[in-house]
Every structure is written in C-alpha cells, then in structure tokens.
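>>> got a sequence here, can you build the structure:
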Amino acid sequence: QVQLVESGGGLVQAGGSLRLSCAASGRTFSRNAMGWFCQVPGREREFVAAMTRSGGATTYADSVKGRFTISRENAKTTVYLQMNSLKVEDTGVYYCAAGRIMTRMTATYDYWGQGTQVTVSS
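Okay, the predicted model is just below:
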C-alpha cells in the first residue's frame, strides 16, 4: 500500500513557476514508477509527466515538454514536478500517482493522491 500527499499548488501569474511535491508513505516507493496528471472540470484526467522507478527515464506530454521537469528522491520517498513558464492552460488539479511501470495511462496507476490545485492567471 502506498499513500500519496501532494503539496505546492497555488495561484501564479502566467510565466511564473511552481514546484509540486508528492510525499509517499510506505516502504515500496522505490519499486514504483511515478506520474503526474492534471484534471480540469468536465474533462478527463490527462497525463503530464512520468518517471521510472529508478528515475533513469522520463516522459512528458508534448504540451509541457521543455517547461516541466519530473524528479524523485527515493531516500525521501518524494517525487517533484517543477513547473516553469506556466501558461493559463496549465490550470487544473494536479495528481501524483504510483504504479508498476511508467506509462501515460491513468488506468495503469494503482495509487493516487488527493490532488493540489494550480491556478495560472493571465
């Protein structure tokens, strides 16, 4: 069992930066690939970024490539999402997720956090 708690969301102006954190409980953190997803009202949860269990490989949605960076510290059982050059369309609730393999599909992740709101103003 893995429990995930996100933090770091907030209100920021377009062009600004935020760093999201996701703290995981449980001794199996290092065995899990980690992902970040974003959801806005009326739409399905969408893939943002993901990383393998070792941190050796990452993948990003085209819309955030070059602006967002996913990273992890297994010793701290924490995964991060550094968000730079934020755009209004990045607004949404951001969720971290843990799963056995790195994918872009929500259905492959077994554990989810409660989400943190990111609002980007123009």
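>>> and the residue positioned nearest the centre of the chain, how close does it get to residue 84?
Taking Cα atoms, centre = their mean, the centroid of the chain lies closest to residue 36, which sits 2.4 Å from it. Between residue 36 and residue 84 the distance, using Cβ to Cβ, to the nearest Å, works out to 14 Å. Placement of C-beta: from N, CA and C, glycine included.
>>> using PDB, write out every CA atom in stretch 61-71.
Coordinates of each C-alpha in stretch 61-71 appear next as PDB, following Å, rounded to 0.1, in the frame of the first residue of the first chain:
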ATOM      1  CA  ALA A  61       3.100  15.400 -22.600                       C
ATOM      2  CA  ASP A  62       4.000  17.500 -25.600                       C
ATOM      3  CA  SER A  63       2.300  20.500 -24.100                       C
ATOM      4  CA  VAL A  64       4.700  20.700 -21.100                       C
ATOM      5  CA  LYS A  65       7.900  19.400 -22.700                       C
ATOM      6  CA  GLY A  66      10.700  21.800 -22.100                       C
ATOM      7  CA  ARG A  67       8.800  23.600 -19.400                       C
ATOM      8  CA  PHE A  68       8.100  20.900 -16.700                       C
ATOM      9  CA  THR A  69      10.600  18.600 -15.100                       C
ATOM     10  CA  ILE A  70       9.700  15.500 -13.000                       C
ATOM     11  CA  SER A  71      12.200  14.200 -10.500                       C
END
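>>> any idea of the mean pLDDT for that stretch?
Stretch 61-71 comes out with an average pLDDT of 98.
>>> mind listing what's buried in that stretch?
61, 64, 68, 69, 70 (16 or more other Cβ atoms under 10 Å).
>>> now for the closest residue to the third one other than its chain neighbours: which residues touch it?
Right, residue 68. Taking Cβ to Cβ, 6 or more residues apart in numbering, and ignoring the residues beside it in sequence, residue 68 has residue 83 as its nearest neighbour in space, at 5.2 Å. Neighbouring residues of residue 83 by Cβ atoms under 8 Å, 6 or more residues apart in numbering: 17, 18, 19, 20, 64, 67, 68, 90, 118.
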